[in-house]
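Trainee: I would like to see how this sequence folds:
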Amino acid sequence: MDKWVLFPFISTTVLFACSDSSNTEAFAQQDQEVKTLEQKQSNIAWVGHYQGVTPCENCLTRCEGCEGTAVDLTLKPDQSFELRLESLSEANTAQVLTGKMYFKDTAQSQLELSNIKKRHALIYDHDNDQFEILNDLTAQPYESGHEFILEKVV
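Mentor: Sure thing, here's the model as predicted:
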């Protein structure tokens, strides 16, 4: 008679132990997937902090009497950005703009910054880990392209 009482008890214990083990494995697998995704996001080449000094907003190249504009751009893994612009010729306060960015190609080399009216198109140079600001009208590099480079800050 004792065997009949112990059998359901042992069976129930084994079932609970097995289901608890599978839950633990599922949680461990889910945790690993989250860590892998976070690692992939942190390894995205274009994510980071970029700086440069470009010609002032109304010039295609450095002009006399213009010290240019300091550009500070931070690109985040969630495709948001923060852009800080500061005229070096005038005593104006810095302009800070935020928003979303999107890629125009599958290689993730051409991007646009949303909510930015001028100089919002960029092209990523994978070899040099830098961005070049493109001409708004032509979506091509400026003739003085070297003056529109944003270098990655390490």
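
Trainee: Quick one: name whatever helix or strand follows the least confident helix or strand in the chain by mean pLDDT.
Mentor: Lowest by mean pLDDT, DSSP states H and E among the helices and strands of the chain is helix 2-42, with a mean of 56. Proceeding N to C from helix 2-42, the next assigned helix or strand is strand 48-54, under DSSP states H and E.

Trainee: Using CSV, write out every CA atom in that following strand.
Mentor: Provided in CSV are the C-alpha atoms of strand 48-54 (Å, rounded to 0.1, in the frame of the first residue of the first chain):
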residue,chain,number,x,y,z
GLY,A,48,30.1,56.7,-32.0
HIS,A,49,31.1,60.3,-31.5
TYR,A,50,32.3,62.4,-34.5
GLN,A,51,33.7,65.9,-34.7
GLY,A,52,35.0,68.4,-37.3
VAL,A,53,35.0,72.0,-38.3
THR,A,54,33.2,72.8,-41.5
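
Trainee: report the angle between the axes of the helix or strand where Tyr124 lies and strand 48-54?
Mentor: Using DSSP H and E, Tyr124 sits within strand 121-125. Counting by axes from the mean of the first three to the mean of the last three Cα atoms, to 10 degrees, strand 121-125 lies at 110 degrees to strand 48-54.

Trainee: buried residues in strand 121-125?
Mentor: Going by neighbour count (16 or more other Cβ atoms under 10 Å), the buried part of strand 121-125 is 121-124. Heads up, the C-betas are built off the backbone N, CA and C, glycines and all.

Trainee: and that strand, what does it pack onto?
Mentor: strand 110-113, strand 130-133 (3 or more Cβ pairs under 8 Å, 6 or more residues apart in numbering; DSSP states H and E).

Trainee: so what strands line up beside it?
Mentor: With DSSP bridges as the test, strand 121-125 is paired with strand 110-113 (antiparallel), strand 130-133 (antiparallel).

Trainee: roughly how far is it from the heart of the chain?
Mentor: 13 Å (Cα atoms, centre = their mean, to the nearest Å).

Trainee: and for that strand, what are the contacting residues?
Mentor: 45-46, 108-113, 130-136, 139, 141, 150 (Cβ atoms under 8 Å, 6 or more residues apart in numbering).

Trainee: related to what we said a few turns ago, can you tell me which of the buried residues of strand 121-125 lies closest to Gln95?
Mentor: Leu122 (17.5 Å; Cβ to Cβ).

Trainee: For that closest one, give the beta-bridge partners.
Mentor: Assigned bridge partners for Leu122, using DSSP bridges, are Leu111, Ile133.
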